[in-house]
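Student: predicted model and sequence below, questions to follow.
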Amino acid sequence: PSDMVGYQREIRSLVEQQNAIILAHNYQPAWIKEVADISGDSLYLSRQASDTDATTIIFCGVRFMAETAKILSPEKRVVLPADDAECSLADSITESDLRAWRTEYPDAIVVAYVNTSAAVKAQADVCCTSANAVEIVASIPHHRELLFLPDQFLGAYVQRMTGHPNMHIWMGECHVHADISPEHLESKMLDNPMATLMVHPECGCTTPALYQLADPSSAPTRQRVSILSTNQMIEEAKTTTARHVLVATEIGIMSDLQAANPDVRFEAVNPEARCPYMNRITPQRLLDSITSTTDEVVVVPDTAARARLAVERMVHPEL
Ligand code: 13P
Ligand code: SF4
């Protein structure tokens, strides 16, 4: 194809022929979300991957997301159109790191954020995403030791929200979100004192001072700060009464927020917060991946079987 529209047309036509479905994370570039069947956050996409009738899932995101889809639907062909789409947060804990940590707390319940490798998930009791981490930790009795991994900022936030007294937190981070710092936030807030804030819990700016502002019971006049997953941000964007919203997360979502509510001004707290891994898919790579065998995601069946229960508990917490 000679242009983007040509690529998008060809991609859609191959997807229909192959009984495939394209899932795209909210951080993906706009041209991918336009051509995708469904876009959303990690939790929503995992649910879609587990419910779809399609026989092939083309996952436009990063490796741990495609692996999660494969764990949930081992009989399906799951494709990641960029074999170098990794995740610095998932890389911050290895299978052997977790094995060693568990020997220190042999009876602990292990809660793994979905941003982890399949081998790490295989050692977890339950997985979570930013959309349901508080709910999942809140369901674990306080007398149980709890290992939460790998994100230190999300962990601190969840500990604050649940008050879980026996929660141990791995000190990992996503380099993109960690770089949305308290200094970035402070300077934007000083420049825009009337703006409302939406913050992803992986951000480096999620300090105790920010939790204070996010707590509805402690906000003197109006709640200015919400700590949200990316789908929750899009939902809040649709109904906000604010005129100007500062957004702390990866900037791929900015066009979705603007589309959700064109009357509001959405402004990135750190406009440089772009995930390199989320931007590895090119039009040619996506097109080639639909029929390729080399882009297929493989999770060792024994690892997948051991990870499945933890992932299913995340997708269907009612089970
Ligand atoms: P969501 O949980 O909102 O999908 O964001 C997590 C993330 O960092 C995906 O890379
Ligand atoms: Fe991983 Fe961070 Fe990129 Fe999300 S934004 S994929 S957590 S490196």
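Tutor: Arrived safely. Computed from a predicted structure; not experimentally measured. Ligands and ions are numbered 1, 2, ... in the order given.

Student: can we go C-alpha only for contacts and neighbour counts from here?
Tutor: Fine.

Student: just for the stretch 101-250 of the chain, where's the confidence low?
Tutor: Along the stretch 101-250 of the chain, segments meeting pLDDT under 70 span 216-223.

Student: and the gap between the residue in it that ligand 2 sits nearest to and ligand 1?
Tutor: At 4.3 Å from ligand 2, residue 174 is the closest residue in the stretch 101-250 of the chain, using C-alpha to the nearest ligand atom. Distance, residue 174 to ligand 1, using C-alpha to the nearest ligand atom, to the nearest Å: 7 Å.

Student: for the residue in the chain that ligand 2 sits nearest to, give me the pLDDT.
Tutor: Using C-alpha to the nearest ligand atom, the single residue of the chain nearest to ligand 2 is residue 87, 3.7 Å away. Note for residue 87: predicted pLDDT of 98.

Student: again with residue 9
Tutor: 98.

Student: output the contacting helices and strands for the helix or strand that contains it.
Tutor: Using DSSP states H and E, residue 9 sits in helix 4-17. Under the contact criterion of 3 or more C-alpha pairs under 8 Å, 6 or more residues apart in numbering; DSSP states H and E, helix 4-17 touches helix 30-35, helix 283-291.

Student: tell me the SS of the residue of the chain closest to ligand 2?
Tutor: coil (DSSP: H, G, I helix; E, B strand; the rest coil).

Student: I figured it hits residue 62, correct?
Tutor: Yes - under the criterion of C-alpha atoms under 8 Å, residue 87 makes contact with residue 62 at 6.7 Å.

Student: relative to helix 283-291, how tilted is the helix holding residue 9?
Tutor: 10 degrees (axes from the mean of the first three to the mean of the last three C-alpha atoms, to 10 degrees).

Student: residues of helix 4-17 that come out buried?
Tutor: 7-8, 11-12, 15 (16 or more other C-alpha atoms under 10 Å).

Student: now these in TSV, with distance to ligand 1?
Tutor: Converted to TSV, the buried residues of helix 4-17 look like this (distance: C-alpha to the nearest ligand atom, whole Å):
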residue	distance to ligand 1
7	25
8	24
11	24
12	24
15	24
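
Student: closest one to residue 316 out of those residues, please.
Tutor: Nearest to residue 316 among those, counting by C-alpha to C-alpha, is residue 15 at 28.0 Å.

Student: where along the stretch 101-250 of the chain do the helices fall?
Tutor: For the stretch 101-250 of the chain, the helices defined by DSSP state H, counting those that start in this stretch occupy 118-121, 133-138, 152-162, 175-178, 182-191, 208-214, 230-239.

Student: so which of those is the most packed in?
Tutor: Mean neighbour count, computed with mean count of other C-alpha atoms under 10 Å, is highest for helix 118-121 among those, reaching a mean of 25.

Student: using PDB, list the CA coordinates for that one.
Tutor: What follows is helix 118-121 as a C-alpha-only set of coordinates in PDB (Å, rounded to 0.1, in the frame of the first residue of the first chain):
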ATOM      1  CA  ALA A 118       4.200 -15.700  32.000                       C
ATOM      2  CA  ALA A 119       6.800 -17.400  34.100                       C
ATOM      3  CA  VAL A 120       6.300 -14.900  37.000                       C
ATOM      4  CA  LYS A 121       2.500 -15.200  36.700                       C
END
